[in-house]
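K.L.:
what follows is a protein structure lacking sequence information:
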């Protein structure tokens, strides 16, 4: 990932003591902030984007390790993620993160009595919903015939739910599944297989409302809705390099290594945003619009008094960790681009050999990324302990790894990777507008209706920009509605 020179914001042109109603400050350079800045700029608003890190992309980024480009974690999206696809198009990167032609997920079970990995697949056909998954479910070897039949009945019941029904927010998904006859094995081999990766929580810790959103939208809306896409280049190429080029082209001032320290009302009703780019670098930006696109605790710390009726609710939105294990082998040990596992602590494994640059350096070696969601039990384990725990598991799953040399093993940890989708979290998530005119919220944790995904982050940025432009009386269009038409 190429690093660009950090810029500092120029003082926005204002009259002394007056805010500039035609200017906006976006605080936070993750996908939500980038999206909001691009949309505001497209409507003719002068935008400064402030980000404390030396890069854009939030928690979906890349870094260098020797000659390799490493993603901090494996991120995927689905065909139903129309907002994230809009983002890729907006930064000119759709071709760098292609989708599968059709959903096809290899599922390896090492808990089979034979002791050998048993392969099953979750894949779709071109038939209409719900028949598109019928053949795959009928032959899925990791469930009994009775369990497969029970899945069909639960799926039909799930189709009848309204994910936006507030009553669903207070119920945990596991309780609902048990009431629909789902066995522990069915939850493990199907519902949690998908749910843990998308919700970052097991069914017993997931709101039924969010689970219904994931399964209805991804598996029960359109035949291709769950087709999987992922970056075939480092994430930094998408979310930093190309995003920054798009911001530059839109006329957005991007200030990296710069943090907002205070937001306050100007005398004329606009906003002052105090920023710092290091010791002795305090500066004040004046604007008519401010978008706060940072995590919930940072948002709580910056919120002016009265901006939300119950600001402490933000502190009730808990977080959940994701752990990623990175293994470089001296030979090829895996043929599929990815797989997921049962009967093992390993969850999802992706081949990152090409995207990291390893293939160009050594055509014989292979780099695997092991993505572990809902990783509360492992997130603080020492690297040596994780190595001892997971390398034998990879050998169980991938016989070709037995005897292969391990050139590198390292770990990336995101302790606050997502908001926790626990029952009741829906009532805590705020919408984009606040009580304070000109101040808006964005972030995957806001009330998008989606779990904490890249899709939710982009949707939140679009919502914040749309609300801001509506308040300013600026004409704007909803790119998601246009895409649907």
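P.N.:
Yes, it's here. From a predicted model like this one, the values you see are computed outputs, not experimental measurements. Residues are numbered from 1 along each chain as shown.

K.L.:
torsion angles phi and psi at the nearest residue to residue 67 once chain neighbours are set aside?
P.N.:
Spatial nearest neighbour of residue 67, chain neighbours left out: residue 361 (5.9 Å); criterion: CB to CB, 6 or more residues apart in numbering. Every residue, glycine included, has its C-beta placed from N, CA and C. Dihedral angles of residue 361 (phi, psi; degrees, to the nearest 10) stand at phi -90, psi -40.

K.L.:
residues near residue 361, how many?
P.N.:
Look at residue 361: counted by other CB atoms under 10 Å, it has 12 neighbours.

K.L.:
where do the helices sit along the stretch 301-450 of the chain?
P.N.:
For the stretch 301-450 of the chain, the helices defined by DSSP state H, counting those that start in this stretch occupy 353-356, 358-361, 383-397.

K.L.:
mind listing what's buried along the last one?
P.N.:
Residues of helix 383-397 classed as buried: 386, 387, 390, 393, 394, 396, 397 (neighbour count, 16 or more other CB atoms under 10 Å).

K.L.:
and which of the residues you listed is nearest residue 217?
P.N.:
For the buried residues of helix 383-397, the residue nearest residue 217 by CB to CB is residue 397; the value is 29.8 Å.

K.L.:
okay, the closest one: pLDDT?
P.N.:
Among the per-residue scores, residue 397 shows a pLDDT of 96.

K.L.:
the longest helix in this protein is where?
P.N.:
As assigned by DSSP state H, the longest helix anywhere in the chain is helix 454-472.

K.L.:
pLDDT on that one, on average?
P.N.:
Averaged across helix 454-472, pLDDT comes to 97.

K.L.:
mind listing what's buried in that helix?
P.N.:
Quick answer for helix 454-472 (16+ other CB under 10 Å): 454-469, 472.

K.L.:
now render the buried residues of helix 383-397 as TSV, adding distance to residue 87.
P.N.:
Rendered in TSV, the data for these read as follows (distance: CB to CB, whole Å):
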residue	distance to residue 87
386	33
387	36
390	33
393	35
394	33
396	38
397	33
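
K.L.:
can you get me a residue count around residue 477?
P.N.:
Other residues lying near residue 477 total 12 when counted by other CB under 10 Å.

K.L.:
so how far is residue 449 from it?
P.N.:
Separation of residue 477 from residue 449 (CB to CB, to the nearest Å) stands at 21 Å.

K.L.:
before we move on, what about residue 147?
P.N.:
30 Å.

K.L.:
now residue 24
P.N.:
As judged by CB to CB, residue 24 and residue 449 stand 25 Å apart.

K.L.:
show me which of those two is the more surrounded one.
P.N.:
Using other CB under 10 Å, the more surrounded residue of residue 24 and residue 449 is residue 24, with 32 against 14.

K.L.:
element containing that one?
P.N.:
With elements taken from DSSP states H and E, the one containing residue 24 is strand 23-27.

K.L.:
next SSE after that strand?
P.N.:
helix 31-42.

K.L.:
list the buried residues for that following helix?
P.N.:
Those would be 31, 32, 33, 34, 35, 36, 37, 38, 39, 40, 41, 42, for helix 31-42 by 16+ other CB under 10 Å.

K.L.:
need those in TSV (columns: distance to residue 107 and pLDDT).
P.N.:
Formatted as TSV, these follow (distance: CB to CB, whole Å; pLDDT from 0 to 100):
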residue	distance to residue 107	pLDDT
31	29	98
32	33	98
33	36	98
34	35	98
35	34	98
36	38	98
37	40	98
38	38	98
39	39	97
40	43	97
41	44	97
42	42	96
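
K.L.:
which residue ranges of the stretch 51-200 of the chain form helices?
P.N.:
82-90, 134-138, 145-159, 166-169, 173-179, 184-186, 192-199.

K.L.:
for the third one, packing partners?
P.N.:
Right, helix 145-159. helix 134-138, helix 184-186, helix 208-219 (3 or more CB pairs under 8 Å, 6 or more residues apart in numbering; DSSP states H and E).

K.L.:
ditto for the fourth one
P.N.:
Secondary-structure packing of helix 166-169 (3+ CB pairs under 8 Å, 6+ apart): helix 208-219.

K.L.:
coming back round to it: ok, so of the buried residues of helix 31-42, who is nearest residue 370?
P.N.:
Nearest member of the buried residues of helix 31-42 to residue 370, counting by CB to CB, is residue 31, at 23.7 Å.

K.L.:
what's the closest non-adjacent residue to the closest one?
P.N.:
Closest to residue 31 by CB to CB, 6+ apart is residue 457, at 4.0 Å.

K.L.:
quick one: residues contacting residue 202.
P.N.:
174, 192, 195, 196, 374 (CB atoms under 8 Å, 6 or more residues apart in numbering).
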